[in-house]
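Student: Fold the stuff below for me.
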Amino acid sequence: MFETSKIFHRLRRAKAQAVISASLSFAVAVPPAIASDILVGRAVLPATTFAPGPTSGQQLGSAPINGQTVPFVDKQPVQGFSAVADNGDGSFMVMADNGYGAMENSSDFNLRVYRIRPDFKTAQGGSGTIQVETSIELRDPDKKIPFTIANHFSAERVLTGADFDIESLQVAPDGTLWFGDEFGPYLLHTDAIGKVLEAPIPLPDFDNPGKEVRSPQNQFNEESSAVRIMNAARNHGRLFGGKKTPVFSPNDPLLDDGNATTFIANRQNPPTGSGLKAASSEIFNVASIKSAGYSVVTWTVDEGHALSRVLTPGKDSRNDYRPYTHNYASIARKMRGGCPARQARHASRRPRRLQATAAEKTSTTGSALRPTSRRRSPPNRSSRRT
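Tutor: I've put the predicted structure just below:
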């Protein structure tokens, strides 16, 4: 904790870095007295600059965005810079932000630092263009990060915008890199080529020694755990050619639905002596999970009866099904040993009702339909009754 506090205090005193977005502008060869007042050079990197990489933007929808077709197939956007560091040789290190603005839609945006070289346009000349030279990707092959990340099960464990929201960059005297993350918030320490060197360092709560400050998107918070785990599961499937997206299936009392009558009992009243405090059961936000690309289908301990209501709408297996014993002995021979119907010594069926339903009794014109009786056709004598 002491070392962490010293790091944050050093960063508070650290020299501020310029921030660039769609364009880079720097003053060059200007007397110090007026350097902050006059723009003498400008270089622009187009927003539509891409670098080779895995397909990105798959959670941005299907409609073009500002004329750009999404997703970006086999490429990664370069733009969206949050920090810049001067290399002292005419080139700069620029750090891309976490992608598309949210944890839910940025799991395929790889966190990168690019080396760029601007040719400033000034009164003396210059093209005003920027060349993207190289890049490094942040990654955690040594598994220093203690929580689930999008590429959790891959060998390189490349970090994405769903894992961290990096906003600042500092180059240490030893050449290692320090990043400031907003999700934690954390300090992230990597070597010069982006490999994570240690576990993310949390921000100490200076008003409450021994504790740390956490944002709503903190990686250890239950509320964000669903999207993070589902990202890992989806990407793991894609590693092996899987095309289907997994379905998130929580216990319905854990949905963040504002319903105070649904809760998990041992969360509301923790066991005596456990040392746990009462906790909310309003955890999983359906809108957040769906915006990350996952369907949400809740489960219940009443699963069998719930399925009967889905498959036979309006009928419940508790009271709308009756025993069916016709030819049971011959049918039972075809049942597996643990079949519930075999154990109960009967099959079940839903009684057939010939009466018209309320919806069937009224046509689209409002006229009444008269019930009609139907005579069954005689059975085919050549067929065997089962």
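Student: Okay, now the unreliable bits of the stretch 201-350 of the chain?
Tutor: By pLDDT under 70, the weakly predicted segments of the stretch 201-350 of the chain are 300-304, 317-324, 338, 340-350.
Student: For stretch 252-262, C-alpha coordinates in PDB please.
Tutor: Only the C-alpha atoms of stretch 252-262 are listed here, as PDB (Å, rounded to 0.1, in the frame of the first residue of the first chain):
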ATOM      1  CA  ASP A 252     -34.200 -14.100 -12.200                       C
ATOM      2  CA  PRO A 253     -34.000 -12.600  -8.600                       C
ATOM      3  CA  LEU A 254     -30.600 -11.300  -9.500                       C
ATOM      4  CA  LEU A 255     -31.900  -9.100 -12.400                       C
ATOM      5  CA  ASP A 256     -31.500  -5.400 -11.900                       C
ATOM      6  CA  ASP A 257     -35.200  -4.800 -12.400                       C
ATOM      7  CA  GLY A 258     -36.100  -2.600  -9.500                       C
ATOM      8  CA  ASN A 259     -38.400  -5.200  -8.000                       C
ATOM      9  CA  ALA A 260     -37.800  -5.200  -4.300                       C
ATOM     10  CA  THR A 261     -40.000  -8.400  -3.800                       C
ATOM     11  CA  THR A 262     -37.400 -10.600  -5.600                       C
END
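Student: buried sites along that stretch?
Tutor: Of the residues in stretch 252-262, 253, 254, 255, 256 count as buried by neighbour count, 16 or more other CB atoms under 10 Å. C-beta: built from backbone N, CA, C; applies to glycine.
Student: Check the residues you listed against residue 126 and report the nearest one.
Tutor: residue 256 (53.7 Å; CB to CB).
Student: My understanding was that that closest one contacts residue 282; is that so?
Tutor: Yes: using CB atoms under 8 Å, residue 256 is in contact with residue 282, at 4.5 Å.
Student: Helix, strand or coil: sort out residue 231 for me.
Tutor: Three-state assignment for residue 231 (DSSP: H, G, I helix; E, B strand; the rest coil): helix.
Student: what about it, how many residues close to it?
Tutor: Residues near residue 231, counting by other CB atoms under 10 Å, number 27.
Student: Spit out the contact partners of it.
Tutor: Under the criterion of CB atoms under 8 Å, 6 or more residues apart in numbering, the neighbours of residue 231 are 107, 148, 149, 150, 160, 162, 292.
Student: separation between it and residue 149?
Tutor: 8 Å (CB to CB, to the nearest Å).
Student: returning to what we had before: widest-spaced pair of the buried residues of stretch 252-262?
Tutor: The two members of the buried residues of stretch 252-262 with the most space between them (CB to CB) are 253 and 256, at 10.8 Å.
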